[in-house]
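>>> The sequence and its predicted three-dimensional model are supplied below.
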Amino acid sequence: MDRSFYLSSLDGVPVTYEHDFSYSGISGYAEVIGCKIVFFRKNRNDFLDALSFIEISPDGYGFCNNILEKIGFSLRFGDRFEKIRENFGAENSVDTFFDGYDRYNYFMGKSLFMSFCIGSYGLNGLEIIFSPEIIDGISGFR
């Protein structure tokens, strides 16, 4: 996966730059599209520390899938849970506190956490965290 990708490299997309952004209590820099897509770095010129796509509706799947393709991620919005399990195996935990979908959490070592939100139209939310510091902060989800 290309952790050097910047949302600002997308032509014609309104990206907001947050220089004093907090991701799970960690301060840093974020590129934000609307209130649904966040690419977070502790330091602006470093690799991605986290990315999230929140509650993506089917009409936004094409745009978001374009981003996933550019960063080299194997799944796409709209994919069914079976495809996630084929790629990553059994989840470590499941959260059902979001209305209308379940969130499947994968802890893949100290420097990779992935969370997949599945609703009636398949994958509609995604969070990937690469920072051990942020992963430690969310360890309550295990």
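Noted; the coordinates are in hand.

>>> contacts, neighbours, all on C-alpha from now
Noted.

>>> pLDDT averaged over the strand or helix carrying Ile118 - what is it?
When secondary structure is defined by DSSP states H and E, Ile118 falls within strand 113-119. Model confidence over strand 113-119, given as mean pLDDT, is 96.

>>> tell me what whichever helix or strand comes after it is packed against?
Under the assignment DSSP H and E, the closest C-terminal helix or strand after strand 113-119 is strand 122-129. Other helices and strands packing on strand 122-129, by 3 or more C-alpha pairs under 8 Å, 6 or more residues apart in numbering; DSSP states H and E, are strand 50-53, strand 113-119.

>>> which stretch among these comes nearest Phe5?
Among the helices and strands packed on strand 122-129, the nearest to Phe5 by C-alpha to C-alpha is strand 50-53 (10.7 Å).

>>> what's the closest one packed up against?
Contact partners of strand 50-53 among helices and strands, from 3+ C-alpha pairs under 8 Å, 6+ apart: strand 37-41, strand 122-129.

>>> ok, residues contacting the lengthiest helix in the chain?
Among the elements of type helix in the chain, defined by DSSP state H, the one spanning the most residues is helix 61-71. Applying C-alpha atoms under 8 Å, 6 or more residues apart in numbering, the contact partners of helix 61-71 are 1-3, 5, 74-78.

>>> ok, now with 6 Å
The contact list for helix 61-71 (C-alpha atoms under 6 Å, 6 or more residues apart in numbering) reads 1-2, 76-77.

>>> what does stretch 89-100 give?
Applying C-alpha under 6 Å, 6+ apart, the contact partners of stretch 89-100 are 102-106, 142.

>>> Rebuild the helices and strands packed on strand 122-129 as JSON lines, extending it with mean neighbour count and distance to Phe88.
Output for the helices and strands packed on strand 122-129, formatted as JSON lines (neighbours: other C-alpha atoms under 10 Å; distance: least, C-alpha to C-alpha, whole Å):
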{"stretch": "strand 50-53", "mean neighbour count": "21", "distance to Phe88": "18"}
{"stretch": "strand 113-119", "mean neighbour count": "22", "distance to Phe88": "10"}
